[in-house]
Structure formats: structure tokens, C-alpha cells
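Enquirer: pasting the structure only:
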């Protein structure tokens, strides 16, 4: 048989220093030699986490499958395929539908009996459980180290040097001090100078210019700005109290490739405060915080510049990390270099610099929204859409049947899992499978409700017209009440308008449906 091996390790350190890849490949080659299979390739995913949904190795394997060049796939064990249980089982099921035999070397003689399939589900669940346990133990270890007074991760802070683990191992006198902070006197002098000048009344911008002119640089060698100076003043480490655990991070792997890192702020009561050498007194640090508060209340920005369309303008060309159109922001630029105080306002994309005049776009948005909410305009549009949509009723009916079939399949899957419970089989994967079924059922029910509501709205054009007119009346009333209120107008625009900036073309304005 034509066989392909698939091996994977999670970290780059395992690739460079460990032997996991070589060991897995040796096992694959030994198996193929014993079974007299023709091993056409051993695909490696080196340093790729098992939580990643799309990997280069899987793409190569899929290309071989599409070319009908694979009859058997050999893997060391289930967790080398994926740490996401549903993803691993989905891959195995898809390959078998193509007539390919999948062999796990920890159970090379497994067949397609119900008990073998159950063990596959169990192994996939245990792979996910093991990853969750590793993550839980790693997090607990970091917090234990922080509670012992040592920073568990790299901490870059001007004025301090962190004791690294290799230093602790190389110098016996530093035993038990990895993660602690030592004062860097050359940098500490700059920190004390910043606190002293702020206490004397220096502004943040003026102090940043002063530091740059004197040749001082930050920890990473960058020039000073108002923001970097503020970060120094607000850091509690300089009064002898480093903070750990201000945020919780979670990496989400997207089905279409790539990943997103979500950040969740932690309440100050849950922060871990780690003692460290103080560079300024507590009184001086608190006095500088008061100075920052006074500055914030005195300089509140240009009141004349209000970007009432911010939050509802996107770029037609550029997309962000999640694949959604990139938001456009307001910007001021000098129109004439000889007249430094003469600025124009515009909305622009921060990536491709496509822009449009802010006053013209704001006037256009006001006219469009006022025209769209005139009596009868939205109602006539809603009736026309409802009548036209009836021609697509068959397509909606088909989607409804697909959702109902999906719900019936979930019910059958849940009954199969319930049979395992009645047989006395208790494992974490059972609970996880039930939770996954409930989540998929909730998502399918949501789509069913949306499609049902859509069909109901199409069934009665009169009701659609009446609802649209009520929505238009509410927008008209709110527009009249907020016409002279920039903040209220901005909130109204964000709820009711979507504006697309296009290069070389006028902006495209869309009224959101209520």
C-alpha cells in the first residue's frame, strides 16, 4: 500500500534539541517496513502547536489525497494529529471517507468496530485533556513563583535587570533568585531624573524632548515620547512593588488560518504584587500620580475636533487580523506648510491612506440619513425587498431543511453518547462530547430562529413595511434630538450607518436595517 507518515512536535525547542521528530519518523518507517508498505513521504509539522487548525503539513497531505496518491496514513498517536478532539476525529473521518486507512502506532491493529471507534474518541479527548492539564499546571507554576516573590516571565523595565535562570545556575550565590530584579544604576539615574522633573512641574511632552536632546534612550533603545514617559511614571515597580497578572491572555486559532490573541483585564484585587528594590519613595511616586491627574484635567484635547463618524467607517481594501474590514479613523493634516495652524480634517485608513474630507463626509451622512428616514422611504424599500425575496423562498426552505437535518443528526449523536453512559463508561471525553453537542445545537437553533424569522417577515410584506416605518420614525426622532449633540449623533451613526471608503470613488453609505 502507498503510505504517508505524519509527525509533529509542538515547540521549536523540541525541534532543535529533542528527538521526538526523529523518534516518530523511525517508528513510522519501522511499521511500513514490517507491513511491506511503500512509504512515499514523511510529512513533518515541526514546532507547530496541536491547537492549530490549519498546518502546512496537513495541507501537503490533503494535496496528496486529492491526487489519489495515498492509501494509508501512519501516525504515532492521536495527539500528534491534533490537540482539538473534534478536529482530530474530523480529519480521521474525512480520510476514511476517501477510502484511506488510518493507523495509530500505539494501536496498530485497531479495526473499525464500535469499540475501536470508541477508543479513538477517548484518545482524542485525552489528548485535549492532557493539553488543558499542561496549561493549567504551567499557569499554576507561574503564579506559585510570583507568590514566592519572583517574576515568572521576562520583565523588561528601565532601571532594572532581571536575574535569568542561566545566571542562577552559573553563579551559586544567586541560587533561588531567578526572576528577581536588580537595580541597573545607569538606567535608575534616568528614572529618578524623570520623577524629579515631573514633581517639579515639567510636562510629559517637554520632558520627552529634554531626554531625547540629552541622548537618553529607553530600555529597547527607542526615543522618548509622552506615552513612554507616562508609562514610567505610572509603573508601581519604582516604588518597590512590581505587578504580575494584570491581564489574562488566550490564543484563539481561526479555522481559516492564523490566530487571534484575546486579552481580558483582571481586577486590581487579583493582581500579584511582588516586592522589588524601590528607585523612588512612595510619597514621591504618589505625588507624581497627582501631577498626572492634574495634567489630564487641564489638557482635555481639542474640543473643536469631534469625529462623529468614527466607528462606522471601514476601508474597502484593507482587512484586519480577524478578516474584517479595517476601521478608518480621523486625522488632521497641514494643508499649507507656510501656514502651520491651517489644518484640514479627514477620515483615512491607517494602512493604505485612502481618505476623504471629514466635513464633506459628515454633511453627506447627515443628508443620506435624513433622506432615508423620510416617511414612506424605508417602508417602500422593505415591501419591495419582501416581495423580491419571495422568489428566493425555495433557497431559504432548503437552508431550513439543512438546519433541521443537522439538529436531527445531533439528537442521534447525543443518543449514542447516552448509550455509552448507560453501559457504565465514564470518561472526560463523554462530558466533553456532550458539551460540544449542546454548543452545536445552540448554534443550529440560533440559525433556525433567524431563518424562521426571515421567512415570517417575507410572508407578510405589510408587516415588513410597518416595521420599517416604525424604525424610520425612531431614527427621525433621534436625529432631531441629537442634531446639535456630537456624542449623541456619533452613537446614532454607529447604530444606523455603515460607510465604506473607496480609492478613486465616492464613499459608499449604507443604512443598517433595524
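Expert: The structure has been received and is ready for your questions. Keep in mind that what you see is a predicted model, and the values were worked out from it rather than measured.
Enquirer: mind listing the strands for the stretch 51-200 of the chain?
Expert: Along the stretch 51-200 of the chain, counting by DSSP state E, counting those that start in this stretch, strands occupy 72-75, 101-104, 160-162, 181-183.
Enquirer: pull the contacting residues for the residue nearest to residue 56 when sequence neighbours are not counted.
Expert: Spatial nearest neighbour of residue 56, chain neighbours left out: residue 45 (6.9 Å); criterion: Cβ to Cβ, 6 or more residues apart in numbering. Yep, even glycine has a C-beta here, placed from its N, CA and C like the rest. Residue 45 sits next to 6-9, 55-58 when contact means Cβ atoms under 8 Å, 6 or more residues apart in numbering.
Enquirer: same question, residue 492
Expert: By Cβ under 8 Å, 6+ apart, the contact set of residue 492 is 475, 478-479, 482.
Enquirer: sorry, back to before: what bridges to the residue nearest to residue 56?
Expert: Residue 45 has these beta-bridge partners by DSSP bridges: residue 8.
Enquirer: distance check, it against residue 378.
Expert: According to Cβ to Cβ, to the nearest Å, residue 45 and residue 378 sit 53 Å apart.
Enquirer: quick one: low-confidence ranges for the stretch 301-450 of the chain?
Expert: Low-confidence segments of the stretch 301-450 of the chain, defined by pLDDT under 70: 301-305, 320-323, 334-342, 389-395, 420-430.
Enquirer: picking up where we left off before, nearest to residue 287 among the contacts of residue 492?
Expert: Nearest to residue 287 among the contacts of residue 492, counting by Cβ to Cβ, is residue 482 at 42.0 Å.
Enquirer: nearest residue to the closest one in space, please, no chain neighbours.
Expert: Nearest residue to residue 482, sequence neighbours excluded (Cβ to Cβ, 6+ apart): residue 488, at 3.4 Å.
Enquirer: buried residues in the helix or strand encompassing the one you found, which are they?
Expert: In the assignment (DSSP states H and E), residue 488 maps to helix 486-496. In terms of neighbour count (16 or more other Cβ atoms under 10 Å), helix 486-496 has its buried residues at 489-490, 492-493, 496.
Enquirer: check the offset of that helix from the chain's centre.
Expert: Centre-to-centre, helix 486-496 and its host chain are 27 Å apart (Cα atoms, centre = their mean, to the nearest Å).
Enquirer: please apply the same query to stretch 155-163.
Expert: 29 Å.
Enquirer: which residue ranges make up each domain of the protein?
Expert: 2-136, 160-298, 304-514 (automatic domain parsing).
Enquirer: figure out which of the ones you listed is closest to residue 154.
Expert: The nearest among the domains of the chain, by Cβ to Cβ, is domain 160-298 at 6.9 Å.
Enquirer: next one: that closest one to chain centre, how far?
Expert: Counting by Cα atoms, centre = their mean, domain 160-298 comes out at 25 Å from the chain centroid.
Enquirer: ok, now which ones touch the closest residue to residue 128 other than its chain neighbours?
Expert: Counting by Cβ to Cβ, 6+ apart, residue 128 lies nearest to residue 85, which is 4.6 Å off, once chain neighbours are set aside. Under the criterion of Cβ under 8 Å, 6+ apart, the neighbours of residue 85 are 121, 124-125, 127-128, 429, 432-433, 436.
Enquirer: show me which of those is closest to residue 152.
Expert: residue 128 (25.0 Å).
Enquirer: distance of residue 156 relative to residue 229?
Expert: 16 Å.
Enquirer: to clarify, my last question referred to residue 461.
Expert: From residue 461 over to residue 229 (counting by Cβ to Cβ), the distance is 62 Å.
Enquirer: when these two are compared, which one has more neighbours?
Expert: residue 229 (23 against 19; other Cβ atoms under 10 Å).
Enquirer: in which helix or strand would I find that one?
Expert: helix 226-234.
Enquirer: now the element after that helix, going C-ward?
Expert: Counting by DSSP H and E, the next helix or strand C-terminal to helix 226-234 is strand 241-244.
Enquirer: what's that following strand packed up against?
Expert: The criterion is 3 or more Cβ pairs under 8 Å, 6 or more residues apart in numbering; DSSP states H and E, and the helices and strands that strand 241-244 contacts are strand 272-275.
Enquirer: so which bits of the helix or strand following the strand it packs on are buried?
Expert: Tracing the chain past strand 272-275, the next element assigned as helix or strand by DSSP H and E is helix 282-298. Buried residues in helix 282-298, defined by neighbour count with 16+ other Cβ under 10 Å: 284-285, 288, 291.
Enquirer: sketch out the low-pLDDT regions of the stretch 151-300 of the chain for me.
Expert: In the stretch 151-300 of the chain (pLDDT under 70), the answer is 251-262, 294-300.
Enquirer: how close does the residue nearest to residue 128 sit to residue 45?
Expert: Taking Cβ to Cβ, one finds residue 85 at 18 Å from residue 45.
Enquirer: tell me who's in contact with the nearest residue to residue 37 once chain neighbours are set aside.
Expert: Closest residue in space to residue 37, ignoring its immediate chain neighbours: residue 3 at 4.1 Å, by Cβ to Cβ, 6+ apart. Residue 3 makes contact with 32, 37-40, 70-74, according to Cβ under 8 Å, 6+ apart.
Enquirer: hmm, 6 Å instead?
Expert: Going by Cβ atoms under 6 Å, 6 or more residues apart in numbering, residue 3 touches 32, 37, 39, 72, 74.
Enquirer: which element is the third one on?
Expert: Counting by DSSP H and E, the secondary-structure element that holds residue 39 is strand 38-45.
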